[in-house]
Structure formats: structure tokens, C-alpha cells
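Asks: The sequence isn't on hand, but the structure is:
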Ligand code: HEM
Ligand code: SF4
């Protein structure tokens, strides 16, 4: 079972991340699922009616606006990094948190590595599915990389110039 | 000059620790080459032909003598005794060992310096006019704005993994010496009719493979909104800039594809959410930063015109140097002096450790302990008393900085090219040298007058060849090094891109080609016309005919 970082701790994964080509008929009633955006678009009523937990995931080329005001329908929103150098989902994260007021778990999935964690956390991610070949305990260390930050972001709503 | 407080200092010290650990993990095999690459690039570390190259940030070109001595020390202790001033006002070291980089960064941090975001697909070092704060034609001092933007760019969490690199330049004068129109974002502080301060904002300029002069998308952005507006532009770019093809990933391609009008609308839509938020700049912050850039303790002096004219009479060399390398200053009795790093036979922009120490010493004695680097790869002492100019000139001559060629044909902007760079199609430094040798007659050089000659070793355009009045580009022709010539580029206000003259030339033909171009200009010019003016009047054909004429 994969372990993920959540709120600065390592926990066991309990959610099922469904691939884009998942067949809706295979869904069970009670499991916790993170569904691809298209599945949510096509079957939102049915997904909401289930008893299990509901999350959604966005790929890097999908837009936070497509979830928009629905954000808080989800316990988890996962944003995918096809490569750790693809920065689009940093912006989606900030939109979900700052603009749409998403309060649930915001999880980074895909090519998620230690050296990006500090920035991801600043943009509102509070959960990280570190790439399986990397040690999540070591990755946790990087959340402490910097003790001062200049800009306002999701983790710190005031820029340094309003705090110094 | 901005001085760090404990916060600024902690940030760069945290970075040293972080990069030391990243380097350790890379050397221990815990980080793959591919994983380490963006990390080292965001710390100015390229792996190139012979050794890593470390690019140290010189924020908007400002250095203290103490920092300059540190550059000398690093050149001596970790490199082969020299450094290189880059076309983005930074300092580059061509031979450090990877293992030493964390120690170099630790040394830099002791003098409030770093290599943060000097390469990689991120927000880069902000650049400006090398005469900021002292220029006679300045409207607004851009330096406080540069520092405010620098802090905003530093480890911006949302924009650390952009589609491509991102460069911001700020100009505050009547002339644009910062080439803002060929930057991803160009900013120009201006005042409206009510006397309020704001910015003209340009986006989508750039050189490289697809050179573009950018478009102004906002004629007056209130200064309080500056950082929010930058957030908005960068957010649009981060989300919609192309990531499938690195040659189409710069913001200029996005702006072109959308049109500047539509791009501006998207930025405005984003601003509707951001305007008035916590990132809105405060007067308190502006003052906190601006007080670092108040005038030094200038004396009340008069201009020294008569005495200088007499000195000119006595020393023609001094007179020549004064016309080219000394500029008017906003304060009576002062002048700004450019130290030429372009003597013939030295790679443009190269300085030795001894020269760096000498520059620091001169800055202490003649210019309040401060100096600047320029994107033309020279060094400036900005606050010299006119009565000291002669003494300074004598010392500059001894140190090899007095070549009176600023703005002339031999003040060549040149990238490292095939001698150092693994991406090069062709060498560039030897071309610069052969042209400098051909035009080593000072009277002739002066007679030719103002001329920007820029050389790049490949289409990445590190030497800004597109915006040279004469541009030279190294190209590869069946494995041999050739050079393509373009005419009519300009990086100043109303920037323009050069037009290709025709088929490319072999290396040894280059001095002749340049000489023929100059001959056409000298024959055709009217009084007081610069090369670029004549070119704009008569067009490219007369030049083409001369250079490609069958019988010469
Ligand atoms: C020797 C190692 C170097 C390498 C491998 C290198 C690589 C590159 C590459 C790949 C680009 C093109 C990026 C693009 O257009 O998107 C570029 C652009 C540029 N480089 Fe370098 N470069 C090197 C050295 C330098 C030096 C020494 C300077 C300054 C003298 C410099 C200044 C620039 C500038 C100003 C641009 C930007 C052009 C623009 O605005 O698009 N580079 N470089
Ligand atoms: S222009 Fe080309 S050859 Fe010159 S430094 Fe840049 S990448 Fe290298």
C-alpha cells in the first residue's frame, strides 16, 4: 500500500485513484474514490449519491475553473504532475484554495519529488503522494527548506512586506 | 544600494543549505541527472563544454566594492583567475568544480550575493539601465522597483516551473538603455497628468530563435498594483504558455498566438480577482526600499568644463576617452565613467581577479565604493567628481580599462560561443577579436561613430545579434563554421530586429565584410548620421551589392 504525506505526517493511502479510462460500472458503493474529471462531469449526480468518499483529480491541462464553485463537493482534489517540471498545477492549486475556497485535502500526485514540496505546500497542497521509488520520510524534510518567504501565497496570506 | 536585513539574509542562507544538500544527494546518486538538472539551473549552474559554468546574480547590475572583491576571490580560489560580465549584467565563472559550488554560494552569502534563478525556466534576475539613479535624462529611479520585483521573484512558489525562462527589465529614463522592448516583461515607470506614478507594461518581447519586439498592454498601471499585475501576467503564462515544444514556450509565442489584446484581457480578468489584495504595494514598503537608493553624500560642486577643456588640449587621449567613456551626470561637478572591458585581444566582458580587485579599489577611491555592470558587458563608476577624471583616467590606463571605445564598433557584445559553450554552432570570440584588430585605428573608429556590433555563436542569441546595428550569427554549414550577417537591429526605444544581409561567410572573410559595410556607410552618410540612421534611410540593398559584388 502506498504511503502519502498528509499534514506533515506519513499515512497509509486509503483512497482509490481511478484512471481516465475507468469504467463507471465497476464502481462500488462504499469505497473512497478519486475520480478523473471527465467521470465527474458525466456522472456527478450518481457519484454524489454514493456512500463512499468522493475526490476528483485534474491533469495538468485541465482547469480549476471546471470544478469552480463545486470544489467543496469533494473531500480530496488531486492535481497531477505528468513531470515535476510541469508547473501548471501550482496555479490550479492556488485558484482552488484562494478563489474557490476549497477546504478539503489538496493532493499532489504523479511525478512528485522532495525538492518541489516546499513550493507545492505554499500553493496550498497539504498532501503529497511522493513518487513510489522515493522515500517519503526524507521528502518530509524539505518542507523546512526555507524559514522566510517573500510572497503572499496560500500558506501565508500576507507578503513579507506586510510582516517585516 | 539595497542592504539586506535579517530576513533577506536568512533566505539566502537557507538556500545555501538547501543547495548543499541537493548537491550531496546528486553526487551520492540519490538524485538522477534529470532530477538535479532543473535544481542546479535554478542556481545558475550550467554544465557546458569543459566544466560547469556558475552564473552569479548581480541584481540589476549593482555591486559594492566588497562584493567585487568577493568576485575576485572566487575567480582566484575556485576558477582560473578570471570572470565574465554577462549580457544580463551578471557575473559568470567558467571553470568551477561542481563539488565546490556549495562553498562558493556560502562565500557569496557573506556579501549578500547568490546565484538564485540566474538560469532555468523561472523568473530571472531583473535588469535595468546601468546609469539608473545618476542619468541626466532619468524620469524615475528604477532601482527601488527592481529590488521590489527582485524580492517578489525570489522563490515565488507558483512560478518556479514555468514553460520557459522569464526576464523582466525596467527602464526609468527618456532613452531606453535597458532594452525593455526585447524582454518578456518590460516596465517603464511614468507619471500621469495628475502626477501619479504608474507603469507602462510591455509583454512578449525576446530574442532567441524567434526574436520579437514586445507589445505594450497597459499604458498606466498604478504602482500599488505592480506585483499583483505581475502575478496576473505570470499566472496566465504559467497556465497557457506552450509546454510541448521548448522553442515555442516563451511568453512571446503565447502573446502572438492570442494577440496582445486578448492576452491583456486575460490578465485583466485575473486582476479583477487580485486587485486590492494583500500583494498590493504599500507606501511603507516603497519607502523602506527606496531609502536604500537615496543619493550618496554628493558635494556641492560646479561643473569643471573649462579645466577639462584645457586637459583635453594637453592630452588628446584623455579627450578621446572623455567623449566616449564619460557621461553627463544629474549632479553638477560629477560624471559617470564606463570602464571598457573590450580592449582588442580580450574576450568581451572578461576580467581577471587582479582587475576586479583594482576596480573595487577604484570604486572606493572615486565613486562611493559602488559600481555597476552593463548589459553591454562593461563596468561603470557612476559618481566620479569631474575634477578627478584625469587622475582616474591615468589609473584606468594602467589597468587596461581606458580603451576609448564605448558605443563604438569595437565595443562588441559577444557570447562565449564555441570556445566555451556546448550549444554553439561556431566560435564567436575570435570573430570579435579579428574585427577589433581590423578597426584598431582610433581615428577611423571615432570617425565611424556609434555602432552596436553584436555576435552570437548560435540562434539562442546570447550575444543579442538581432538587435545589433550589425549582427553576426554563427551557423553550421555541413559541419563548418559560417557567419550570417544582419543589419538594422536596435535595442533602444522603438526597438527593431535586424534583417539578414544574404548568404553567410567563412570566418576569415568577416573583417573584410564588416569593412565593406562600413565603407558603404562612410560614403553614403550625411553629416551626423549614425550607421543605423544611414541604413534606415538607404535600406539594405547598397550594402548587399557591395558585399556580394562578384569582383571583390
Ligand atoms: C556558455 C553557456 C551558455 C549556454 C549553454 C547558454 C544557453 C542559452 C540558451 C539555450 C538560450 C536560449 C533560450 C531561449 O531563447 O529560450 C540562451 C539565451 C540567452 N543567453 Fe545564454 N547561454 C550561455 C551563456 C550565456 C552568456 C555568457 C551570456 C551573456 C554574455 C548569455 C546570455 C543570454 C541571453 C541574454 C539570452 C536571451 C535571449 C533572449 O532574450 O531570448 N548566455 N542561452
Ligand atoms: S548564443 Fe549559442 S553559442 Fe552563444 S552562448 Fe548562447 S547558446 Fe552558446
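Replies: On my side now, so go ahead. These numbers come from a predicted model, not from an experiment. Ligands and ions are numbered 1, 2, ... in the order given.
Asks: quick one: low-confidence parts of the chain?
Replies: No chain specified, so I'll use chain A. Applying pLDDT under 70 to chain A picks out residues A:1.
Asks: Oops, wrong one, chain B.
Replies: Applying pLDDT under 70 to chain B picks out residues B:48-50, B:550-552.
Asks: and the residue nearest the centre of it, which of the three is it?
Replies: Centroid-nearest residue in chain B: residue B:375, 2.5 Å away (criterion: CA atoms, centre = their mean). Secondary structure state of residue B:375, per DSSP: H, G, I helix; E, B strand; the rest coil, is coil.
Asks: shouldn't it be in contact with residue B:127?
Replies: Yes. Between residue B:375 and residue B:127 there is a contact under CB atoms under 8 Å: 6.3 Å. Just so you know, the C-beta spots here come from the backbone N, C-alpha and C atoms, and that holds for glycine as well.
Asks: Check which helix or strand residue B:87 maps to.
Replies: According to DSSP states H and E, residue B:87 maps onto no helix or strand at all.
Asks: I'd like the distance between the residue nearest to it when sequence neighbours are not counted and ligand 2.
Replies: Spatial nearest neighbour of residue B:87, excluding adjacent residues (CB to CB, 6 or more residues apart in numbering or on different chains): residue B:375 at 5.2 Å. Separation of residue B:375 from ligand 2 (CB to the nearest ligand atom, to the nearest Å): 14 Å.
Asks: which residues touch residue B:375?
Replies: Shown in contact with residue B:375 (CB atoms under 8 Å, 6 or more residues apart in numbering or on different chains): B:61, B:87, B:88, B:89, B:127, B:130, B:178, B:179, B:413.
Asks: Filter these down to the buried ones.
Replies: B:61, B:87, B:88, B:89, B:127, B:130, B:178, B:179, B:413 (16 or more other CB atoms under 10 Å in any protein chain shown).
Asks: top helix in chain A by residue count?
Replies: Counting by DSSP state H, the longest helix found in chain A is helix A:37-49.
Asks: Can you report phi and psi for the closest residue to residue B:407 other than its chain neighbours?
Replies: Spatial nearest neighbour of residue B:407, excluding adjacent residues (CB to CB, 6+ apart): residue B:450 at 5.0 Å. In terms of degrees, to the nearest 10, the main-chain angles of residue B:450 are phi -60, psi 130.
Asks: Residue B:450 reaches residue B:405, doesn't it?
Replies: No. Counting by CB under 8 Å, residue B:450 sits too far from residue B:405 to count as a contact (10.9 Å).
Asks: Just want to know which of these two has more residues nearby.
Replies: Of the pair residue B:450 and residue B:405, residue B:405 is the one with more neighbours under other CB atoms under 10 Å in any protein chain shown, namely 25 against 15.
Asks: how about that one, what does it touch?
Replies: The contact partners of residue B:405, by CB under 8 Å, 6+ apart, come to B:324, B:340, B:342, B:411, B:445.
Asks: which residues in chain A form strands?
Replies: Under the criterion DSSP state E, strands of chain A are mapped to A:3-6, A:9-12, A:16-17, A:33-36, A:54-58, A:76-81, A:105-110, A:127-128.
Asks: Likewise for the stretch 1-150 of chain B?
Replies: Using DSSP state E, counting those that start in this stretch, the strands assigned to the stretch 1-150 of chain B run over residues B:45-47, B:52-56, B:62-64, B:82-85, B:91-93, B:127-128.
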